[in-house]
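Engineer: 3D model of this:
(chains A and B)
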Protein chains: 2
Amino acid sequence: MASKNKLSLAIDLGGTSAKMALIDTEGAIHHRWSLPTDIRDQGRYIVSNLIQSIHEQLTILDLDLLDIKGIGMGTPGIVLADGSVKGAYNLNWATAFPVKESFNLSLPLPFYLTNDANAAALGEQWLGAGAGHQSLVMVTLGTGIGGGIVSGGRLIEGSWGSAGEIGHLTIDTSRTYRCTCGKYGCLESVASATGLVNLLDHYAQESIVSSELLKDYRSGAMIDAKQIINAAKSGDLLALQIFDEFSHYLALACSHIANILNPELILIGGGVSMAGEFLIHAIKEKYLNYVYPPIKEQTQIALANLGNDAGLIGAAALVIRNN
Amino acid sequence: MASKNKLSLAIDLGGTSAKMALIDTEGAIHHRWSLPTDIRDQGRYIVSNLIQSIHEQLTILDLDLLDIKGIGMGTPGIVLADGSVKGAYNLNWATAFPVKESFNLSLPLPFYLTNDANAAALGEQWLGAGAGHQSLVMVTLGTGIGGGIVSGGRLIEGSWGSAGEIGHLTIDTSRTYRCTCGKYGCLESVASATGLVNLLDHYAQESIVSSELLKDYRSGAMIDAKQIINAAKSGDLLALQIFDEFSHYLALACSHIANILNPELILIGGGVSMAGEFLIHAIKEKYLNYVYPPIKEQTQIALANLGNDAGLIGAAALVIRNN
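Structural biologist: Residues are numbered from 1 along each chain as shown, chains lettered A, B, ... in the order given. Predicted coordinates for the structure are as follows:
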């Protein structure tokens, strides 16, 4: 098999499971599988389980290592220069775990590792909403908020692998919920799925608007981000008030990204981006008031479109761009 | 003369004058001169005057073009991909002026052009406070606020040359002075020399503290940024209140830079940075509350140290790194 036709092995590691796939140089997924993430004992089994699973799948598929161009992987946490990962609390990797070294010792294949948000940014840039663009920032809205930066076709990982920490921009300098990182006022605390519920808790205290959402809240119902967004879409007054503030924070953060990096695109992805164009429209409207006027027409905000596959596709991109 | 010993011709173009120098590969300045900037008639004479001055100086110095490795230049405004410059209002280049093309037509030498803030960042990275570091952001505090970004040893110029617009981060979402860019709440409107005077105008309205600065202000004296800083240093209560808010805004902006880019250094330069360690200390103290905790110890804030030569040194760096 000619080298250019070899497959890349992509891994998108998460706190619950690892998604894995064999992906060709055009980005087509030839085979995919997943593996539960065993986070016991400081996550010491995670990498060896991944390696064992790769050997098993290659055997099942009658492939050997010569058929594989390399391994690309996106991981939660901070990727250090030596390929170890720290601060991945959902994996129980609080201190540095030697991910790259473990792969290198067990599999004689090129191994490329980056943060999961960076992988998603690369994936969108290769085959998603950012295809054809050389610079973009991907903002992932889920339980938390992640960010990945591609500038001039290259990942910006920061001096210690911590670039793109969009979720921890201090954006709410007044009310200031405490974030999981320990700091107050983080974007994540007011503009993630968690943030929407924080804002509901706040506004519901003293709200006097006529609102079904408010009635449900006061009746003791557990309300999640999706319900708040759906209520806003259907015109619920309290939900609209929350959504207005939520989109203000996102717009402000996008303007900071634009003013600092001037990328072609800021892509909004993650579970909360299921709100779709309703969300993009709300962000854009406010963004135009906050962004440096000469770049208003340049740095555009749009929805990501690879969904859950962005990380896998990006992990494969890591292999392909390095070969 | 061996190629590596050739000199670079550096130009730091400003609204009042252009500073020019011949600089060797070690960064030593061998000869320097300056030229008034003639901004009449949409700045159409600026580039031809520079070129004429270069020919004259080379003749005086008995050098010819073969002795010159190339020309590096920092300019106000936005540098477009084709080497034209727009938005340089202090040069009267509102629409795109073909700077690179003009040089190429008149001087058969490699020509490299970047924004003046980027040039200053490169200069500090080469021979200034950033020497030995691969990533830094330079924030220049003067009448306005400029920014230049070096990441992984490379300038980040943005898709349309507009990266690093630190001065136009929307940082004051409450009081919101109007900035020269037309937008409200820009960092520049509250944290430049102009911003210090804006804050004085604001606080002096209703202040009841005992303050010499307030007395001077109310007596109708024209007070500038330097006087406000000196008053703060000597403990004047009104000046300290202003300085506290001023440094809060700078700290917040530095935290945004750190969270997005995670550079090794954020360097503070420009005229207002004459406030020295008094300023750095005030920024750092607040910055630690706003920056993502894991990078607190990583991304450091420090004074730039090349002063007015940063742009010239950086212009020479442009030539050297491209040869």
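
Engineer: Report the contact partners of the residue of chain A positioned farthest from its centre.
Structural biologist: Here chain A reaches farthest from its C-alpha mean at residue A:208, the gap being 36.3 Å by CA atoms, centre = their mean. For residue A:208, no contacting residues are found, by CB atoms under 8 Å, 6 or more residues apart in numbering or on different chains. Any C-beta I mention is one placed from the backbone N, CA and C, and that applies to glycine too.

Engineer: State the distance from it to chain B.
Structural biologist: 25 Å (CB to the nearest CB, to the nearest Å).

Engineer: Skip the chain neighbours and tell me the closest residue to residue A:156.
Structural biologist: residue A:149 (4.1 Å; CB to CB, 6 or more residues apart in numbering or on different chains).

Engineer: Now the residue farthest from the centre of chain A: phi and psi?
Structural biologist: When read as degrees, to the nearest 10, the backbone of residue A:208 gives phi -120, psi 10.

Engineer: can you give me the strands in the stretch 1-150 of chain A?
Structural biologist: With DSSP state E, counting those that start in this stretch as the criterion, the stretch 1-150 of chain A has strands at A:7-13, A:17-23, A:29-36, A:68-75, A:78-79, A:85-86, A:111-115, A:136-141, A:145-151.

Engineer: any chance of the ones you listed in TSV, with distance to residue A:103, mean pLDDT and mean neighbour count too?
Structural biologist: Shown next, in TSV, are the strands of the stretch 1-150 of chain A (distance: least, CB to CB, whole Å; pLDDT from 0 to 100; neighbours: other CB atoms under 10 Å in any protein chain shown):
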stretch	distance to residue A:103	mean pLDDT	mean neighbour count
strand A:7-13	10	97	27
strand A:17-23	13	97	21
strand A:29-36	15	96	14
strand A:68-75	6	97	26
strand A:78-79	13	91	25
strand A:85-86	12	93	22
strand A:111-115	4	96	24
strand A:136-141	25	97	29
strand A:145-151	21	95	28
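
Engineer: Excluding chain neighbours, give the residue nearest to residue A:202 in space.
Structural biologist: Residue A:202 sits nearest to residue A:175 (CB to CB, 6+ apart), 6.8 Å away.

Engineer: Test my guess that residue A:262 contacts residue A:297.
Structural biologist: No - look at residue A:262 against residue A:297 with CB atoms under 8 Å: they stay out of range, at 11.9 Å.

Engineer: Tell me which of these two has more neighbours.
Structural biologist: Shown here are residue A:262 and residue A:297; by other CB atoms under 10 Å in any protein chain shown, residue A:262 has more neighbours (27 against 10).

Engineer: quick one: contacts for the more buried one?
Structural biologist: A:135, A:295, A:298-299, B:157-165.

Engineer: which among those gets closest to residue A:125?
Structural biologist: Distance to residue A:125 across these (CB to CB) is lowest for residue A:135, with 8.6 Å.

Engineer: ok, and does the longest helix along chain A reach over to chain B?
Structural biologist: Longest helix of chain A, by residue count under DSSP state H: helix A:237-261. Yes - Helix A:237-261 lies within reach of chain B by CB under 8 Å from any CB of the partner chain, at A:252, A:255-257, A:259-261.

Engineer: want to try a markdown table for those residues, with neighbour count, distance to residue A:9 and pLDDT as columns?
Structural biologist: Formatted as a markdown table, the residues of helix A:237-261 next to chain B follow (neighbours: other CB atoms under 10 Å in any protein chain shown; distance: CB to CB, whole Å; pLDDT from 0 to 100):
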| residue | neighbour count | distance to residue A:9 | pLDDT |
| --- | --- | --- | --- |
| A:252 | 25 | 40 | 98 |
| A:255 | 27 | 39 | 98 |
| A:256 | 25 | 36 | 98 |
| A:257 | 23 | 32 | 98 |
| A:259 | 30 | 38 | 97 |
| A:260 | 27 | 35 | 97 |
| A:261 | 28 | 31 | 97 |
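
Engineer: Among those, which one lies nearest to residue A:13?
Structural biologist: Within the residues of helix A:237-261 next to chain B, the smallest distance to residue A:13 is 25.6 Å, found for residue A:257 (CB to CB).

Engineer: Give the full set of residues in contact with that closest one.
Structural biologist: Per CB under 8 Å, 6+ apart, neighbours of residue A:257: A:137, A:139, A:147, A:166, A:263, A:266, A:299, B:260.

Engineer: The stretch 201-323 of chain A: helices as residue ranges?
Structural biologist: Using DSSP state H, counting those that start in this stretch, the helices of the stretch 201-323 of chain A run over A:212-218, A:225-233, A:237-261, A:277-290, A:310-321.

Engineer: still on that earlier bit, flag every buried residue along the longest helix of chain A.
Structural biologist: Buried positions in helix A:237-261, judged by neighbour count with 16 or more other CB atoms under 10 Å in any protein chain shown: A:237-243, A:245-261.
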